[in-house]
Each structure stands twice: as structure tokens, then as C-alpha cells.
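K.L.:
could you work out the structure for the sequence below:
(one chain, ligands or ions: 2)
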Amino acid sequence: MTIGSVAELLAELRAAPGPDLAARTAAQARDAQLTKPPGSLGRLEEIALWYAGWQGDPRPSGLAPQIVIFAGNHGIAARGISAFPAEVTAQMVGNFRAGGAAVNQLARAFGASMTVQALDLDRPTADFTEGPAMDDTDLLAALNTGWSSVDPGAGLLVVGEMGIGNTTSAAAMACALFGGAPQDWIGRGTGVDAAGLQRKADVVATGLAHHAGALADPFEVLRRLGGREIAAMTGALARARVLRIPVLLDGFIASAAAAVLARAVPAALDHCLAGHCSAEAGHARLLEALDKAPILSLGLRLGEGSGAALAIGIVQGALACHSGMATFAEAGVAGG
Ligand SMILES: Cc1cc2ncn([C@H]3O[C@H](COP(=O)(O)O)[C@@H](O)[C@H]3O)c2cc1C
Ligand SMILES: O=C(O)c1cccnc1
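P.N.:
Ligands and ions are numbered 1, 2, ... in the order given. Okay, the predicted model is just below:
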């Protein structure tokens, strides 16, 4: 299944059902009977209720997590804004397929399925300091790659990315969507030095100036400043919302992809929790703008969906307790 236009995607999003409140309420009632002091499992309790609501099951058993990694190349990579050359995008796609990347190990550790979608790697997006990164056709194709990649049977979705230069693209998007100065949103990415950081700020400032007046629509921000792998993540997150599949958001770039939806439709990210807070400088600010408190904060700054993949383990822990624990009555333990 695909969508025919951005307008159609927006209509689907606006019509998307919210969580199953009866299932959530039943889960809450169960939580209150479990053999623990009320509230003693902290955020695990909230995570279990979130999951129960979005999956429509007050006592969920398995998680069936799906990880999809999208890869794209960026015209701005030629501007010295990454510590690594653009060829690394395609080389890392090979590494994902061979099972050698960090996210492969985390997917295996937590029993997640993982697929990789490379989007036109031989055809980088246009340099956004000179024109829109994508035309309408490219944007729609990338949104559809994401939209159609979501397994309707998945119980949890993580989207990740690979695209040399994409922390600069995400910074430009965040700046356009939420305001502030380029310096507020840029970071070291793969590890650029001070001069590289300055080049990133300059590229973001030049891009915003070039597209000034055309950035009020969040999907125009995505088309003009984003990239194919970012748009694919946006499409996948929207489809998950329509299918009521809960999502763990990864780092700075995945959050920028999500931010497009949040700016377009207020409840669009209700199915998402922030899996982690990246060490990329703008991520904490972006999560604040999205009103999402990260589950983990471990200093990761990798992308690939890795931080969210790690948070799958926390959701598994939350559900194991919620669905597996005995109630006070079952265990013959005196209530408080
Ligand atoms: C070997 C390698 C593996 C990666 N895995 C994710 N990224 C991450 O780094 C890139 C963003 O940083 P920048 O904007 O500085 O290019 C993205 O591809 C991202 O996923 C990697 C980068 C490298 C070099
Ligand atoms: O937070 C991220 O997603 C990130 C940070 C640095 C490099 N690549 C990705």
C-alpha cells in the first residue's frame, strides 16, 4: 500500500485512531494489583500502559519489534560537513546487510527483525544551499518507501538511518521547524573539528536564507532541507501511527524526521516514546520541543536506530513485569 500525495498522508494521519483507552484502563487496573508498592517500578509502569493502549491489549505477551534502517546520500556532503566521506553511506549499507554494524548486534540481542532500505544512493539529494534537496516526486517516493516498509504485524517499530552529512540536514530542519540559531542545532556528528562545526553552521544559515519564505509547511521543510532517508523515516512513523504500532524514536536525525509530523498534525507522535537522548548537541533541545522525555541517556551519538534499539530492552522489561508478575491475591501477599 502506498500514498498518492502528501495531502493523502496528512488525511490518513488526521483520521488515525488513538490508543485503545479500555485496554489502557484495564492495564492500569492490573498494575494496581501487582505485588509491588504502587509506583515502585517507576517509568516501567508508564511504558507498560503506553504499550497496552497502543497495542489494544491489557496484558501484552511478546513484543515482535521491527527495525528498519533507511540510507540516503546528501548533496551537502560535498561541503566538508562530515568527518567521513559520502562513500561510507553505501559501505555501511553493505555492513548492515552483512550483520556487522552496531545496530545488527542490538537487533539480535533484543530479538528484533531488521531490514535495510537504500534510497537511490547513486543519486544524492541536491545541495540545499542552492535549491530544494528533493523535488515532489523524490519526496513522495521516499515517503512511500517508509510508509510501505512497516510490517502491519509488528508490535513495536524503530526506524534508523545512515546518510553521511545528515546531522547537518537534521539541524537545518530543526532550525526551520522550531526557530533559534543554527548554532543551537548543530553538533559534532561523526566528529568534526571546530572548523567543521563552523562550516555546518554556515551551511545551515545559507540553506535557511535560500529557502526563506518557503518553510512554513513542515513537509516543505522536509523536501527542501531533508533527505531521502529522513523522508522515509517520516513516512514509516506516519504509517505506524495509522496502524497503531508503538514506536521508539532514535537520535537527532530520527527525531527531526518525527518533528515534521508533529508540526503538521498535533497528535501525530502520540504513539512514540523517545528511546534515548543522543550526545549530538541539538537532540536534547529537539526532544524538549517535541515534549518527549528520553528513556535512556547513555552518551550514544551513532544513529542507525541504535539508541532506540537499546531501549527495546527496557520495553521488554516493562512488559515482562506487567504481564508476568503475580497479583497480591494470586501470591497471597498482604496489600498495603
Ligand atoms: C562508520 C560510520 C557508521 C555510522 N553509523 C551511523 N552513522 C551516523 O553518522 C552520520 C551522520 O553524521 P555526519 O552528519 O557527521 O555525517 C549518519 O550516517 C549517521 O547515521 C555512522 C557514521 C559512520 C562514519
Ligand atoms: O543522534 C543521532 O542520530 C546521530 C548523532 C551523530 C551521528 N549520527 C547520528
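K.L.:
so how many other residues sit close to the residue in the stretch 51-200 of the chain that ligand 1 sits nearest to?
P.N.:
Closest approach between the stretch 51-200 of the chain and ligand 1, counting by Cβ to the nearest ligand atom: residue 189, at 2.4 Å. Any C-beta I mention is one placed from the backbone N, CA and C, and that applies to glycine too. When neighbours are counted by other Cβ atoms under 10 Å, residue 189 registers 26.
K.L.:
list the contacts for the nearest residue to it once chain neighbours are set aside?
P.N.:
Nearest-residue entry for residue 189: residue 167, 3.8 Å, with adjacent residues in sequence omitted and distances by Cβ to Cβ, 6 or more residues apart in numbering. Residues in contact with residue 167 (Cβ atoms under 8 Å, 6 or more residues apart in numbering) are 82, 186-187, 189-190, 200, 252-253, 280.
K.L.:
for residue 167, what is the enclosing helix or strand?
P.N.:
helix 166-178 (DSSP states H and E).
K.L.:
mind saving the C-alpha coords of that helix as PDB?
P.N.:
Taking Å, rounded to 0.1, in the frame of the first residue of the first chain, the C-alpha atoms of helix 166-178 are listed here in PDB:
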ATOM      1  CA  ASN A 166      22.600  14.100   7.700                       C
ATOM      2  CA  THR A 167      23.200  15.700  11.100                       C
ATOM      3  CA  THR A 168      23.600  19.000   9.100                       C
ATOM      4  CA  SER A 169      20.300  18.300   7.200                       C
ATOM      5  CA  ALA A 170      18.500  17.400  10.500                       C
ATOM      6  CA  ALA A 171      19.900  20.600  12.100                       C
ATOM      7  CA  ALA A 172      18.600  22.800   9.300                       C
ATOM      8  CA  MET A 173      15.200  21.100   9.500                       C
ATOM      9  CA  ALA A 174      15.100  21.600  13.300                       C
ATOM     10  CA  CYS A 175      16.000  25.200  12.900                       C
ATOM     11  CA  ALA A 176      13.300  25.800  10.300                       C
ATOM     12  CA  LEU A 177      10.700  23.900  12.300                       C
ATOM     13  CA  PHE A 178      11.400  25.300  15.800                       C
END
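K.L.:
quick one on the thing from earlier: mind checking how far the residue of the stretch 51-200 of the chain closest to ligand 1 is from residue 164?
P.N.:
For residue 189, the distance to residue 164 equals 9 Å [Cβ to Cβ, to the nearest Å].
K.L.:
quick check: residue 23 vs ligand 2, distance?
P.N.:
Between residue 23 and ligand 2 the distance is 32 Å, computed by Cβ to the nearest ligand atom, to the nearest Å.
K.L.:
looks to me like residue 311 is in a helix.
P.N.:
Yes - according to DSSP: H, G, I helix; E, B strand; the rest coil, residue 311 belongs to a helix.
K.L.:
surely it touches residue 297?
P.N.:
No - the criterion here is Cβ atoms under 8 Å, and residue 311 misses it with residue 297 at 10.7 Å.
K.L.:
which residues of the stretch 201-336 of the chain score low on pLDDT?
P.N.:
Counting by pLDDT under 70, the stretch 201-336 of the chain shows no low-confidence range.
K.L.:
A helix includes residue 45, no?
P.N.:
Yes - Residue 45 forms part of a helix when assessed by three-state DSSP.
K.L.:
pretty sure it contacts residue 36?
P.N.:
No - Residue 45 is not in contact with residue 36 according to Cβ under 8 Å; the separation is 9.1 Å.
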